[in-house]
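[1] my questions are about this predicted structure, shown below with the sequence.
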Amino acid sequence: MHRFNLKYVAILVVVAMAFYGCTSKLNAPKQPDANAGVKPAPLPVVPPEPAYDPTAFAPLHPRALSSRVTVLMFHDVVTERGKGSVYFDSTVDEFNQILDYFDEQGAHYLSLKDLHEHLVTGKEVPERSVVLTFDDNYQGFYDNAWPILKSKNIPSGMFVHTDFVGNKSGSHPKMSWDQLKELDKSGLVEIGGHTCSHPGDLKSLPIDDQERELAESKSLLEEQLGHPVPFLAYPVGSADSKTIELTKSLGYTMAFTMKNGPAEESPGVLEIQRTIQTKYKDAFEQSQDRAKNVPAAVVTTDINNAPITLTAGEFDGISLVFVSGGVPVSVRDPAGGRKSVGTYVEKHSGMAGMNGTFFVNAALRGTDNAMIGPFKSQNEGVFFVDRDARRLEKLIGRPLIAWNETKISVAPFSSEALNSEDGVRQLHPEFTDCFLAGAWIVHNGEARSRSEISTAAAGDFNDPRKRAFFGWKSDGTLVYGATQNVITTSAMARGAAAAGLQEAFLMDSGFSTSIVFNGKILATGHSSESLPSREVPHALVIKGELGQPIDVESKKAFDDAKSSTEISSDTNGEEVVKTKKRRRSRRR
């Protein structure tokens, strides 16, 4: 009994002490709260990606350029060729042969909406993708092609000229509205417009007649099918700039021509290229070749702002000198002239620099600063569009490079996707600089062959001369380099890959070739290494922390190099930059 009482007394003491501690804390004076009255910072609002809408017009997205899709154009599919057959008909055997070929090649079929979403949003599609389209609403599609496509679950597009729906006369009868509705409801066949009367040359018609053909057929299709019809195929592929603008104003968001080539290399989403089915092998092989050789790649890398260092040496037998690290600032003389790379580096407080990309007037005595391709320099802060239509056709596929101080991106050029500031912002939303390089010479750490580089380069890209390149290593360290000898671009590519570049691009070369590091000329386009290269309209000025040459050979190259510039004043008190070599020559 005594033990029992002691036990409970101990429990009561513990409870009392705990209660007293709690009440003492409750009664204690409150300490001021340093965060009192401070509202938590709101979380950043990230706008959601807009939902894909096939009826909303959008231009070609640069990230779609990572693929090359083949679009085929069929017409009637007949059991066998007869008196009324034409060369662009397909027999059932030929149609099956085409599908068998794509099966052997591991092709993946896309619907029209799949293709459109890919083109305007950059959504990835499988490699070896193919789109099957059929023109003119032939009954042969319903009787002969549709059962095969349905059994294989293959999507397709059917373009309908509305004046002929239900016309059963002649050797090429047309489907009825009931059959078109059946196809439409299947989910495998998408119906598109093909005008009312299928004019032989739509673009030559008066604009009012063009509008009637395009608008009335669209309206009737939508009335019969009960939903929007945003896709179109121009009869005989006929369309000019006025037709295309009219097409856009009437609510079409994708339209097809008959020009051969991969879909992503089309002039725009209202001019999608496609190839007649008789050339199916050529078309598919072209798409695969272009995907490999352009290459069809969109790359974004974080920039490693490493100390700026110099390297000189042989890499796979190729003598190179290159600067690594830092972050480049693209500069151009806003007054419209040209300067030496050393002058640009000095005026923009850089640690190093190299010559820029290609410019329009390549004459040695030229003085203007017009660039080839779209362009934005950080010092000017203005985006320049290349408006030369003939030149733009030749630039398709060349690498467009855009960056800011933290990220750098590259994509093969498309005139619709990347010849505007808005387009480049879809590739790199915060870019401050961009330019079009001459060729993509190293990809994924591998040197690209002469035949691969030639796919999207100028005809003289491999002529022997002193060459320059720009790129980055796998860790994001940027590299600015040049050859020490006259050499081909494909040979320089092997050297750049051996030097550890992950991606590399051809810069302007020959007499423009110039690498400057810490006030000295390390590479020049002249035969005499003591002479600076010619003046250029564009340069990359490298900013950051200056390091030292990383080995004995590189240190010797730096010690032996000539000073890049010397600042003096002319009689008007203006800053003039002259090379020491030339100044001594004049004194003699």
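    Yep, it's here.
[2] by contact count, what packs against the host helix or strand of residue 179?
    Assessed by DSSP states H and E, residue 179 sits inside helix 177-186. Judged by 3 or more C-beta pairs under 8 Å, 6 or more residues apart in numbering; DSSP states H and E, the packing partners of helix 177-186 are strand 156-160, strand 189-193, helix 207-225. Just so you know, the C-beta spots here come from the backbone N, C-alpha and C atoms, and that holds for glycine as well.
[3] shaky segments in the stretch 51-200 of the chain?
    For the stretch 51-200 of the chain, applying pLDDT under 70 flags no range at all.
[4] mind listing the helices for it?
    Taking DSSP state H, counting those that start in this stretch, the helices of the stretch 51-200 of the chain run over residues 92-104, 112-121, 139-140, 146-152, 177-186.
[5] buried residues in the fourth one, which are they?
    With burial defined by 16 or more other C-beta atoms under 10 Å, the residues of helix 146-152 counted as buried are 146, 149.
[6] CA atoms of that helix as CSV?
    Taking C-alpha atoms only, helix 146-152 is exported to CSV below (Å, rounded to 0.1, in the frame of the first residue of the first chain):
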residue,chain,number,x,y,z
TRP,A,146,-9.4,1.8,-97.6
PRO,A,147,-9.9,-1.9,-96.8
ILE,A,148,-6.1,-2.4,-96.8
LEU,A,149,-5.4,0.7,-94.7
LYS,A,150,-8.2,-0.2,-92.3
SER,A,151,-6.8,-3.7,-91.8
LYS,A,152,-3.4,-2.3,-91.0
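[7] residue 517: which of the helices of the stretch 51-200 of the chain is closest?
    Residue 517 sits nearest to helix 112-121 of all those, at 43.0 Å, using C-beta to C-beta.
[8] and that closest one with strand 189-193, angle?
    Between helix 112-121 and strand 189-193, the angle comes out at 70 degrees (axes from the mean of the first three to the mean of the last three C-alpha atoms, to 10 degrees).
[9] for helix 112-121, packing partners?
    When contacts are defined as 3+ C-beta pairs under 8 Å, 6+ apart, helix 112-121 sits against strand 129-135, strand 189-193, strand 254-256.
[10] closest to the centroid, which residue in this structure?
    Closest residue to the average C-alpha location of the chain: residue 411 at 2.9 Å, with C-alpha atoms, centre = their mean.
[11] average pLDDT across the strand or helix carrying that one?
    Residue 411 belongs to strand 407-412 when elements are defined using DSSP H and E. The average pLDDT within strand 407-412 is 98.
[12] what strands line up against it, and which way round?
    The partner list of strand 407-412 in its sheet, established with DSSP bridges, is strand 299-302 (antiparallel), strand 399-403 (antiparallel).
[13] highest average neighbour count across the ones you listed?
    strand 399-403 (a mean of 27; mean count of other C-beta atoms under 10 Å).
[14] what residues does that strand touch?
    Residues from elsewhere that reach strand 399-403 (C-beta atoms under 8 Å, 6 or more residues apart in numbering): 62, 303, 328, 373-374, 408-413, 418, 424, 427-428, 431-437, 439-440, 470, 505.
[15] now, of these, which are buried?
    Looks like the contacts of strand 399-403 have 62, 303, 328, 373-374, 408-413, 418, 424, 427-428, 431, 433-437, 439-440, 470, 505 buried, using 16+ other C-beta under 10 Å.
[16] spit out the contact partners of residue 534.
    Counting by C-beta under 8 Å, 6+ apart, residue 534 has contacts 338, 340, 364, 511-512, 525.
[17] at 6 Å what do you get?
    Contacts for residue 534 were tallied using C-beta atoms under 6 Å, 6 or more residues apart in numbering; they are residue 511.
[18] which secondary structure state is assigned to it?
    coil (DSSP: H, G, I helix; E, B strand; the rest coil).
[19] out of the strands paired with strand 407-412, nearest to residue 164?
    Shortest distance between residue 164 and those, using C-beta to C-beta, is found for strand 399-403: 44.1 Å.
[20] any idea how far that closest one is from the chain center?
    Centre-to-centre, strand 399-403 and its host chain are 8 Å apart (C-alpha atoms, centre = their mean, to the nearest Å).
[21] tabulate the strands paired with strand 407-412 in a markdown table, adding columns for mean pLDDT and distance to residue 493.
    Shown next, in a markdown table, are these (pLDDT from 0 to 100; distance: least, C-beta to C-beta, whole Å):
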| stretch | mean pLDDT | distance to residue 493 |
| --- | --- | --- |
| strand 299-302 | 98 | 16 |
| strand 399-403 | 98 | 13 |
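[22] so which of those strands gets nearest residue 169?
    Taking the strands paired with strand 407-412 one by one with C-beta to C-beta, strand 399-403 is closest: 52.5 Å.
[23] ok, now which ones touch residue 217?
    162, 193, 195-196.
[24] got CSV for those residues, with neighbour count and distance to residue 492 too?
    Listed next are the contacts of residue 217 as CSV, based on neighbours: other C-beta atoms under 10 Å; distance: C-beta to C-beta, whole Å:
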residue, neighbour count, distance to residue 492
162, 22, 57
193, 29, 50
195, 26, 52
196, 19, 57
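[25] out of those residues, the closest to residue 549 would be?
    Taking C-beta to C-beta as the measure, residue 193 is the one of these closest to residue 549, at 65.3 Å.
[26] which residue packs closest to that closest one, ignoring adjacent ones?
    Leaving out its chain neighbours, the residue that sits closest to residue 193 by C-beta to C-beta, 6 or more residues apart in numbering is residue 232, at 4.4 Å.
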